[in-house]
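[1] No letters, just coordinates:
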């Protein structure tokens, strides 16, 4: 909702706190960390999609390089992501392996005085194949009997489990009688969908600098979305006590989910630095980052859904086969959340779900802004659009009639994380959006002729704010905050939470300023490390503002209680702290503490100074907070596109992007999340994919950005035709009414674009991305069919 | 290969150092001179992240040999301002318009936009989009960046000062 007038600092437009550092080039990212005397590492990556290899590093060692082979790293099986509880964590990774399972899997590593010397040493390492297996690049082929086993067995928690037919994990679920519901439905449609395998293309390639410390520990600077989980994993793999692993918080050049897990470079850098007894920098090039490090989950989905003539959904089947690549990062929890995304979009009635994660010899998949949600939403919002058409209902009204909203049970993060929806701006966003885009006057599908054809599409979506719930499920989700008042009344806020750029920590600063009635510039956000911060699980799941912000608010509230206790002593009036009030004073630029109806007042600066001078002690608070809900932030996007039927190119003409994020804490940054989310989603819809060579199992993009096209400034609609609207809602469980935004912003884009393309040319696409080639092929196919049926008709007449 | 001594004016001050003939400007700036505001994204001239100004013209420092800047003027993001007090109108507009998220593309964008405003002090939206389309951003969706460039341009025009390319910036 509009925070204007209700709050003093929440909702104000003000330049971000780290803006000056970033605009002047002074912000230090992990890629910029340069230590005296450090060595440079390079990783030898498997050229084989699946092989057992022998490594001979004699020559590299003779050249003076520090060398690691699979024998030189701890024999520990792990999962680089620690967000799920131990018993639901599958482990099949090693730091280096002599049994690589995808092209690019690290086999050996070297370090030398310069990157060039390291590269020369790397080229001297011999890698001999002992056995080469046929690469499996398709999940349906991988599960066929007789296909080579990618893993024989893996660990779940502390126990071994056998892998059958390359199936990594499965999840099945049902509610109600689906067969009956679908047989009694008036309209049933069944569709199969295949998504692209997208690359994050986060601006900063993965990098780690590791420095061995005299106490036997290490200090690490790396690209991570969680300094604490990185600390824990390093501790587990190398057997170093957590108190001796210091993971520094540095600026992160974009994450988008690619560093929820600890990137392998981090572990390789730690291993090299411990062997070298010197700091080691291990930086990936863009090609390496793209070809060998992280992609989104490629999903093959089937939806069969039915509805009654009255416009109510009655039942749905959802099948989800995920091509996870060669290792598990988080497919098991995703099997649950994919179902969560599905059931939390609409009241399907009876449901049946079959989810299966399959190993293939491809780059391992991880979360990418939405964690499967954009994929599922694309499929669901296509099916829903088609059902509305079959029922001859307005797609907006059909959605409003069936969506999961206020008062409904919600389990977006999967069956183990359930809560009730308390704020819901969907009707407002759908109605306003429809009006602004001119929904009623949109073209009818397929009616246009001529080279350029325009269409308007709609899709809605949501994402959870974190992964909290009343019960502790299989997801770890809590956040910490430490706040102290300095002796002049300014405050230092110490948090482990990473801000990838969305403005999360600006939101926290505003929340603290609001609670303590002090100007924003008096709140200092401290850049720290895993040793000096309270645990935070990770910046993911759009939880930074909702969970982390609430931790900050609670710490501020605790600090406020202590400030008032001290103020009572100063004011020397016969009341307790509960009778005191605090307000912001614009002239003093300070919090004024006063007694209503009396002249007695003091300021926060005075309290802080007095507490110091009279030896009362510091005012500080440390909080660890777990959210008991994960409320949905809703988005509803209307998009107008223009399809060039001669080139197949699609361009966005107008966009109305609506978001319900509760109280808007950072207006310009929240708008930026929506705009950025739309444009990223646009790339996923029409541009981005990572195809593999079927013979070699290597990525065909060759890792260059021009081979992996992403939107540029030339690909967006004119900025006055790119409208962002926020719903007027207040989330009662969020800090000052706020919810998350990062992922909701991109979840419905591909569906809205696909529905708009359908409106323009009358063709639906079930495979992403909807490239010019696919559009042209489909148009030609339709022309051919049209000609053939005309001929048949003609033949019949003669 | 023999090292060569080069001398160039970096952010207004002459520097002299020895480089290899195949050494890239980006590496000299980042690794030898520790000016890490010039960002490495792709290393092969595809993203604009490492843009610097060479005699006022935007160039990709990952495709520029260090020996080629001998005797010339190089401006990196560090040369525009040292902090809050001496920000250029463009830097200020980027901060105020929310055109900065993760910040990794920001130095390249600001320097590219600065070259644009020097060539064309009052560009249209179309001209801005065309000029900066070689710079990638994965966070903002470009809307706020285009707005920031427009704002800096209109403020410069309004104040009748020379464009934001003036002063130390053109060093």
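    Perfect, I can see it now. Predicted model only: the values in this text are computed from it and were never measured.
[2] Show the backbone phi and psi for residue A:151.
    Torsion angles at residue A:151 (phi, psi; degrees, to the nearest 10) stand at phi -130, psi 140.
[3] swap in the one 4 residues further on?
    Note on residue A:155: its backbone torsions stand at phi -100, psi 140 [degrees, to the nearest 10].
[4] Surely residue A:331 and residue A:169 touch.
    Yes - if you go by C-beta atoms under 8 Å, residue A:331 and residue A:169 touch, sitting 6.1 Å apart. All C-beta atoms are positioned from the backbone trio N, CA, C, and that covers glycine.
[5] The two: which is more packed in?
    Shown here are residue A:331 and residue A:169; by other C-beta atoms under 10 Å in any protein chain shown, residue A:331 has more neighbours (27 against 23).
[6] Look up which residues are beta-bridged to the residue lying closest to the more buried one once chain neighbours are set aside.
    The shortest distance from residue A:331 to any non-neighbouring residue, by C-beta to C-beta, 6 or more residues apart in numbering or on different chains, is to residue A:357 (3.6 Å). When assigned by DSSP bridges, residue A:357 has beta-bridge partners residue A:169, residue A:322.
[7] contacting residues around residue A:357?
    A:167, A:168, A:169, A:170, A:322, A:324, A:328, A:331, A:332, A:334, A:335 (C-beta atoms under 8 Å, 6 or more residues apart in numbering or on different chains).
[8] separation between it and residue A:7?
    Using C-beta to C-beta, to the nearest Å, one obtains 44 Å as the distance from residue A:357 to residue A:7.
[9] So what's the residue count around residue A:587?
    Residue A:587, neighbours per other C-beta under 10 Å, totals 6.
[10] how near is it to chain B?
    Per C-beta to the nearest C-beta, to the nearest Å, residue A:587 is found 23 Å from chain B.
[11] any bit of stretch A:732-747 sitting next to chain B?
    No - Stretch A:732-747 is not in contact with chain B by C-beta under 8 Å from any C-beta of the partner chain; minimum separation 9.3 Å.
[12] Between its first and last residues, how far does that stretch reach?
    Terminal residues of stretch A:732-747 lie 24 Å apart, using C-alpha to C-alpha, to the nearest Å.
[13] Tell me the buried residues in it?
    For stretch A:732-747, the neighbour count (16 or more other C-beta atoms under 10 Å in any protein chain shown) marks A:733-747 as buried.
[14] go on, stretch A:569-581?
    Result for stretch A:569-581 [16+ other C-beta under 10 Å]: buried residues A:570, A:571, A:577, A:580.
[15] That one - what's its average pLDDT?
    Averaging pLDDT along stretch A:569-581 gives 88.
[16] what's the answer for stretch A:109-124, then?
    97.
[17] how much distance is there from that stretch to the middle of the chain?
    Chain-centre distance of stretch A:109-124: 34 Å, with C-alpha atoms, centre = their mean, to the nearest Å.
[18] where do the helices sit along the stretch 601-750 of chain A?
    Taking DSSP state H, counting those that start in this stretch to define them, one finds helices in the stretch 601-750 of chain A at A:604-613, A:667-686, A:749-761.
[19] Between residue A:331 and residue A:169, which contacts overlap?
    A:90, A:357.
[20] Find the residue at the geometric middle of chain B.
    Centroid-nearest residue in chain B: residue B:111, 2.6 Å away (criterion: C-alpha atoms, centre = their mean).
[21] can you list the domains in chain A?
    Under automatic domain parsing, the residue ranges defining each domain of chain A are A:19-26+A:478-626, A:372-467+A:630-781.
[22] distance between the ends of the first one?
    End-to-end distance of domain A:19-26+A:478-626 (C-alpha to C-alpha): 30 Å.
[23] Equivalent analysis for the last one, please.
    Across domain A:372-467+A:630-781, the terminal residues are separated by 31 Å (C-alpha to C-alpha).
[24] now the residue in chain A that chain B sits nearest to, what's its secondary structure?
    Chain B sits closest to residue A:25 of chain A, with a gap of 1.9 Å, by C-beta to the nearest C-beta. What DSSP: H, G, I helix; E, B strand; the rest coil gives for residue A:25 is coil.
[25] wait, isn't it in contact with residue B:36?
    Yes - look at residue A:25 against residue B:36 with C-beta under 8 Å: they come within range, at 7.3 Å.
[26] before we move on, back to that, who wins on neighbours among the contacts of residue A:357?
    Ranking the contacts of residue A:357 using other C-beta under 10 Å puts residue A:334 first, with 30 neighbours.
[27] Can you give me the distance of that residue to residue A:357?
    Look at residue A:334 and residue A:357: by C-beta to C-beta, they are 7 Å apart.
[28] Now for these two: what residues contact both?
    residue A:322.
[29] Could you show which parts of the stretch 351-500 of chain A are in contact with chain B?
    residue A:500.
[30] Just give the nearest non-adjacent residue to residue A:329, would you?
    residue A:366 (4.3 Å).
[31] and the one you found, what does it touch?
    A:81, A:257, A:258, A:260, A:261, A:294, A:295, A:296, A:297, A:329, A:330.
[32] In CSV: these, plus distance to residue A:229 and neighbour count.
    Converted to CSV, the contacts of residue A:366 look like this (distance: C-beta to C-beta, whole Å; neighbours: other C-beta atoms under 10 Å in any protein chain shown):
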residue, distance to residue A:229, neighbour count
A:81, 8, 23
A:257, 14, 25
A:258, 14, 25
A:260, 8, 26
A:261, 8, 28
A:294, 16, 26
A:295, 21, 24
A:296, 20, 27
A:297, 20, 27
A:329, 12, 25
A:330, 12, 28
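[33] what angle separates the helix or strand of chain A with the lowest mean pLDDT from helix A:667-686?
    The helix or strand of chain A with the poorest confidence is helix A:772-797; it has a mean of 88 (mean pLDDT, DSSP states H and E). Angle between the axes of helix A:772-797 and helix A:667-686 is 50 degrees (criterion: axes from the mean of the first three to the mean of the last three C-alpha atoms, to 10 degrees).
[34] I'd like to know which elements helix A:772-797 is packed against.
    Other helices and strands packing on helix A:772-797, by 3 or more C-beta pairs under 8 Å, 6 or more residues apart in numbering or on different chains; DSSP states H and E, are helix A:749-761.
[35] wait, does the helix it packs on contact chain B?
    No - judged by C-beta under 8 Å from any C-beta, helix A:749-761 makes no contact with chain B; its nearest approach is 10.7 Å.
[36] quick one: buried residues of that helix?
    For helix A:749-761, using 16+ other C-beta under 10 Å, the buried residues are A:749-761.
[37] Find the nearest non-adjacent residue to residue B:31, please.
    residue A:34 is the one closest to residue B:31 (C-beta to C-beta, 6+ apart), at 7.1 Å.
[38] hmm, I was thinking of residue B:144
    With C-beta to C-beta, 6+ apart, the residue lying closest to residue B:144 is residue B:99, at 4.2 Å.
[39] Wait, that neighbour touches residue B:147, no?
    Yes - counting by C-beta under 8 Å, residue B:147 is a contact partner of residue B:99 at 7.0 Å.
[40] quick one, which of these two is more surrounded?
    Per other C-beta under 10 Å, whichever of residue B:99 and residue B:147 has more neighbours is residue B:99, with 30 against 21.
[41] If you count contacts, what does the longest helix belonging to chain B end up packed against?
    In chain B, assigned by DSSP state H, the helix with the most residues is helix B:143-158. When contacts are defined as 3+ C-beta pairs under 8 Å, 6+ apart, helix B:143-158 packs onto helix A:667-686, helix B:89-96, helix B:106-119, helix B:125-132.
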